[in-house]
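1. Got a sequence here, can you build the structure:
(one chain, ligands or ions: 1)
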Amino acid sequence: MEEEEMKRPCKAHVLVLPYPAQGHISPMLQFAKRLVSKGVRVTLATTVFVAKSMHAALNDSIGIETISDGFDEGGSAQAESIEAYLTSLQAVGSRTLAALIKKLDNSGDAIDAIIYDGFLSWALDVAKQFGKSGVAFYTQACAVNNVYYHAYQGLLPLPLSGTTISLPGLPPLEPAETPSFLYVLGSYPAFFNLIVNQFSNIDGADLVLYNSFYELEKEVVDYMAKLWPLKTVGPAIPSIYLDKRLQDDKDYGINLFRPDTESCLSWLNDKPINSVIYVSFGSMAELETSQMEELAWGLRNSNRHFLWVVRESETAKLPPRFAEQTRSGMGLLVPWGPQLEILAHGSTGCFVTHCGWNSTLEALSLGVPMVAMPQWTDQGTNAKFVEDVWGVGVRASKDEDGIIARGEIERCISEVMEGGKGKEIKRNAEKWRELAKETVDEGGNSDRNIDDFVRKLVSLT
Ligand code: UDP
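-> The predicted model follows:
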């Protein structure tokens with residue numbers, strides 16, 4: 001079936017444009033692979049800096065082209081502020097995207113549509129200037145975007161404080177369970193504007209896609225689908241971990257950090273089943289030094305094996321000699337790991353996570369219970385769902401200083417690794433793992449949505 005599809009002439013040519021960060025590139029690239037398997041031709045556009053710094057393992061079924069964010073040598077780290085970076089990304093990005101569309105048009109390889117990251121709403125305006133269809137792709141949860149949408153409409157009293165908010169399709173949310181930009185107003189004004197303004201031109205998008213799946217966010221999907229032509233097409237995770245229908249699809253394919261695969265897997269291989277605590281805070285979160293210290297001692301005191309990803313930029317915050325003392329003992333520290341392989345490994349028993357949306361979907365898809373330690377942006381909302389809606393983990397509570405203390409970390413780890421609650425969490429995790437697999441497998445909800453999308457794409461061209 002798949003092979004037949006592959007042999008057919010291409011149905012359409014789309015340009016996929018992610019925001020230049022790991023958590024955005026991975027799911028959009030993964031979705032691109034699904035499109036290729038259904039006969040669509042895909043070109044991925046990254047920034048020049050990402051193209052220079054990425055470790056790519058892609059076959060030639062997806063073409064790669066570049067646009068510029070104005071910082072070709074260092075990306076966002078080269079900009080003097082987030083605001084300066086985002087301003088340049090929009091200005092230089094729009095100009096270079098227009099040039100890329102023209103180049104492809106003139107080379108006889110014209111694109112029919114742009115699938116743009118919701119964070120890059122300006123790309124829709126560029127697409128329309130060239131008479132192309134524009135499809136928004138959101139790499140955050142529908143629940144999160146529903147909250148942002150209400151903020152965009154001016155329906156939330158910002159900054160949120162004190163009162164619980166009730167929005168259609170969502171459980172009641174405490175302020176700290178909403179995205180952080182809404183209750184710590186002014187903390188990241190440039191990101192706040194970017195995210196809230198995702199909705200400024202959304203009514204002009206031809207389609208709206210989400211890296212989520214219907215079963216996971218039913219109520220909010222039903223609500224939002226009345227506002228826009230919306231489809232959930234996730235989880236966008238390498239096929240080997242779900243339906244296994246895409247050949248050799250074991251990895252996302254583009255890494256901005258180099259994973260320490262060999263040492264992680266050989267270390268995991270001789271650990272007992274379900275015994276290891278895997279700890280990672282994704283590609284961006286920065287922990288307070290005091291939080292890092294509490295986490296270190298919480299892990300050490302848990303008396304369990306732990307595999308902790310501490311990015312190079314975070315290592316100086318570790319307690320003195322913690323790494324050396326740990327090396328030969330119970331734990332392994334690495335600057336970046338092969339997260340999917342770690343989560344899928346039989347020795348991994350739980351995941352201490354910041355609840356980035358990709359990490360959350362990956363843990364759900366691989367049936368790994370979570371200890372949620374959300375840091376900022378959408379993570380607190382994802383953590384709320386992890387604990388209260390999907391029942392696949394527990395949230396660690398902060399003390400009066402805003403820190404999650406070592407004792408609390410130990411308590412949460414015990415709760416998910418053992419006892420009655422742990423068993424229930426494991427059962428729920430298994431249930432969601434099955435649902436995630438079914439939804440992308442042939443005839444599942446996300447699979448049908450992708451088929452519908454491909455049909456619509458053809459009709460739009
Ligand atoms: N990841 C990884 N190795 C690591 C840590 C993270 O491959 O050591 C991947 C993880 O699998 C996920 C992505 O990085 O796909 C992080 O995305 P997420 O949305 O969870 O968080 P963000 O980095 O955007 O905060």
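2. Now the spatially most central residue of the chain: closest residue in space that isn't a chain neighbour?
-> With distances taken as C-alpha atoms, centre = their mean, the residue of the chain nearest its centroid is Asn358 (2.9 Å). In this structure, Asn358 finds its nearest non-sequential neighbour in Gly23, 5.1 Å apart by C-beta to C-beta, 6 or more residues apart in numbering. C-beta here means a position set from N, CA and C on the backbone, and glycine is covered the same way.
3. Same question for Leu295.
-> Distances taken as C-beta to C-beta, 6+ apart put Ile409 closest to Leu295, at 6.1 Å, once the chain neighbours are dropped.
4. I'd like to know how many residues surround that neighbour.
-> 25 (other C-beta atoms under 10 Å).
5. And Glu262, by the same measure?
-> 9.
6. Kindly report the same for Val389.
-> Val389, neighbours per other C-beta under 10 Å, totals 14.
7. so it makes contact with Pro171?
-> Yes: Val389 lies in contact with Pro171 (C-beta atoms under 8 Å); the separation is 6.5 Å.
8. one step back: what's the pLDDT at the residue nearest to the centre of the chain?
-> What the model reports for Asn358 is a pLDDT of 98.
9. can you confirm it is in a helix?
-> Yes: assessed with DSSP: H, G, I helix; E, B strand; the rest coil, Asn358 lies in a helix.
10. list the contacts for it?
-> When contacts are counted by C-beta atoms under 8 Å, 6 or more residues apart in numbering, Asn358 touches 23, 26-27, 139, 282.
11. what subset of the residues you listed is also close to the ligand?
-> Filtering the contacts of Asn358 for proximity to the ligand by C-beta under 6 Å from any ligand atom leaves 23, 26, 282.
12. What ranges does the stretch 301-450 of the chain have for its strands?
-> 305-309, 331-334, 348-353, 370-372, 393-395 (DSSP state E, counting those that start in this stretch).
13. Kindly format the C-alpha coordinates of the first one as CSV.
-> Right, the one you point to is strand 305-309. Output of strand 305-309 as CSV, limited to C-alpha atoms (Å, rounded to 0.1, in the frame of the first residue of the first chain):
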residue,chain,number,x,y,z
HIS,A,305,19.6,4.7,39.0
PHE,A,306,19.3,7.9,37.1
LEU,A,307,20.2,9.1,33.7
TRP,A,308,20.3,12.9,33.7
VAL,A,309,20.7,15.2,30.6
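14. What distance do you get for the closest residue to Trp267 other than its chain neighbours to Gly75?
-> Using C-beta to C-beta, 6+ apart and skipping residues adjacent in sequence, the residue nearest Trp267 is Leu332, 4.8 Å away. If you measure Leu332 against Gly75 using C-beta to C-beta, to the nearest Å, the figure is 29 Å.
15. Return the subset of the ones next to the ligand among the contacts of Asn358 lying in strands.
-> In strands, judged by DSSP state E, none of those are found.
16. Of these - the most surrounded one?
-> Going by other C-beta under 10 Å, Ser26 tops the ones next to the ligand among the contacts of Asn358 with 27 neighbours.
17. can you tell me which residues contact that residue?
-> 236, 252, 254, 358.
18. What's the separation between it and Val440?
-> Per C-beta to C-beta, Ser26 is found 15 Å from Val440.
19. count of residues packed around Arg321?
-> 8.
20. likewise Asp112?
-> 18.
21. any idea how far His150 lies from Ala32?
-> In terms of C-beta to C-beta, His150 sits 31 Å off from Ala32.
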